[in-house]
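Engineer: what follows is a predicted structure for the sequence shown.
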Amino acid sequence: MAWKGIGKRLRELFLARDFGDEFFDELEDAMMEADIGVSVATESTAALREAARKKGIRDRGELLGELKGILRSFLVAREIALAPDGLNVLLVVGVNGVGKTTTIAKLAHHFHARRGIERILLVAGDTFRAAAIDQLKVLGGRLGMPVIAQEPGADPGAVLFDGIASAVARNSQLLIADTAGRLHNKDALVKELAKIDKIVRSRVEGGSYQKVLVLDATTGQNSLAQAEVFHGAVGIDSIVLSKCDSTAKGGMIVPVSRALGVPFSYLGLGERLEDLEPFDPDEYLDALFGGR
Ligand SMILES: Nc1nc2c(ncn2[C@@H]2O[C@H](COP(=O)(O)OP(=O)(O)OP(=O)(O)O)[C@@H](O)[C@H]2O)c(=O)[nH]1
Ligand SMILES: [Mg+2]
């Protein structure tokens, strides 16, 4: 993880000898600058100030530990769990360009290489662009996994329907489906997702059905608005944050986690199949604050 910009400023801040008003104001500023958002920055600074006063904290290590503890309480982290029997379906959603298709390939690789899942099938539910279908086919070829697809412009609900039937026929353990991130407008996107969701729900028996939202770390605080739209439309079970290898500040994990209460499961750290890591909240806070 290479969160830029905040570690240095916060480290310098925590070198201060005097934890007065100026320190707390600057801390709040630094957190906002790191994309933590106004409400979490304000609230956690106030809680820290109160804790420092009550406990008489004068040591910067202790103060930093206290702040990490406050932020840690907002974070939800959990890897995606699969049912041992039956078909598990992951529907991957998110706005265009965030890294959905790349993340699908990384997830498929993760479940195969690290979690011992043998029979994985990919479904090209983004029928909006021909290139999206081709991209998934290429990735499927590289992974040695079947890809169920129809023609561009096909009804994504029908593609999912076929995909699930095919997965059941092949006794697949895991199906990962792509979806379009861009439609004519937001309402069309939400409507289509709701329709796909209904079809998948009615077809999944046993196993599990989970919706995975991909957010792009470089999007910053706007991620929260995106997450709320998707969570409101279909309900999100798990989040993957892509492009954490970029110059992103990374702070948005805190307000998104807190607002949705949905776990962050993995971080995307590059474009290769192996570039996916489980989200570790303590490691994340250490990286965000530049360690102790
Ligand atoms: N550096 C970096 N680049 C990434 C990562 N994940 C995805 N990308 C790149 O981001 C771009 C978009 O990725 P896609 O997977 O095509 O994104 P998408 O959400 O499927 O896009 P649409 O299908 O157009 O909605 C590609 O150039 C990817 O290689 C990541 O973790 N790190
Ligand atoms: Mg795509």
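Structural biologist: On my side now, so go ahead. Ligands and ions are numbered 1, 2, ... in the order given.
Engineer: next up, the contacts around A177.
Structural biologist: Contacts for A177 (Cβ atoms under 8 Å, 6 or more residues apart in numbering) come out as 89-92, 122-123, 125, 160, 163, 200. The C-beta positions use only the backbone N, C-alpha and C, and glycine is treated the same way.
Engineer: pull the most distant pair out of those.
Structural biologist: Spanning the widest gap among those are L122 and V200, at 14.7 Å by Cβ to Cβ.
Engineer: that older thread, so which of the contacts of A177 belong to helices?
Structural biologist: Counted as lying in helices by DSSP state H, out of the contacts of A177, are 160, 163, 200.
Engineer: just among these, which is most surrounded?
Structural biologist: G163 (28 neighbours; other Cβ atoms under 10 Å).
Engineer: dig out what the residue nearest to it when sequence neighbours are not counted forms beta bridges with.
Structural biologist: Nearest in space to G163, with sequence neighbours left out and distances taken as Cβ to Cβ, 6 or more residues apart in numbering, is V123 at 3.5 Å. In this structure, V123 bridges to I148, A177 when assessed by DSSP bridges.
Engineer: now do the contacts for V123.
Structural biologist: Neighbouring residues of V123 by Cβ under 8 Å, 6+ apart: 147-149, 159-160, 163, 175-178.
Engineer: if you set the cut-off to 10 Å instead, what comes out?
Structural biologist: Going by Cβ atoms under 10 Å, 6 or more residues apart in numbering, V123 touches 89-92, 104, 136, 140, 146-150, 156, 159-164, 166-167, 175-179, 200.
Engineer: hmm, stretch 150-160 touching ligand 1?
Structural biologist: No. Counting by Cβ under 6 Å from any ligand atom, ligand 1 has no neighbours in stretch 150-160; the shortest distance is 12.6 Å.
Engineer: which residues sit against that stretch?
Structural biologist: So stretch 150-160 is in contact with 89, 91, 123-134, 148-149, 161-163, 175, 177-180, 192-193, 195-200, 203, going by Cβ under 10 Å, 6+ apart.
Engineer: and with 6 Å instead?
Structural biologist: The contact list for stretch 150-160 (Cβ atoms under 6 Å, 6 or more residues apart in numbering) reads 125, 127, 130, 177, 195-196, 199-200.
Engineer: give me the buried subset of the residues you listed.
Structural biologist: Neighbour counting by 16 or more other Cβ atoms under 10 Å classes 125, 127, 177, 196, 199-200 among those as buried.
Engineer: most widely separated two among the residues you listed?
Structural biologist: The distance between the two most remote of these (Cβ to Cβ) is 15.3 Å, for T127 and V200.
Engineer: show the contacting residues for the closest residue to A248 other than its chain neighbours.
Structural biologist: Nearest residue to A248, sequence neighbours excluded (Cβ to Cβ, 6+ apart): A217, at 3.5 Å. A217 makes contact with 241, 243-244, 248, 250, according to Cβ under 6 Å, 6+ apart.
Engineer: recalculate using a threshold of 10 Å.
Structural biologist: 1, 3, 35, 98-99, 223, 241-253, 267-269.
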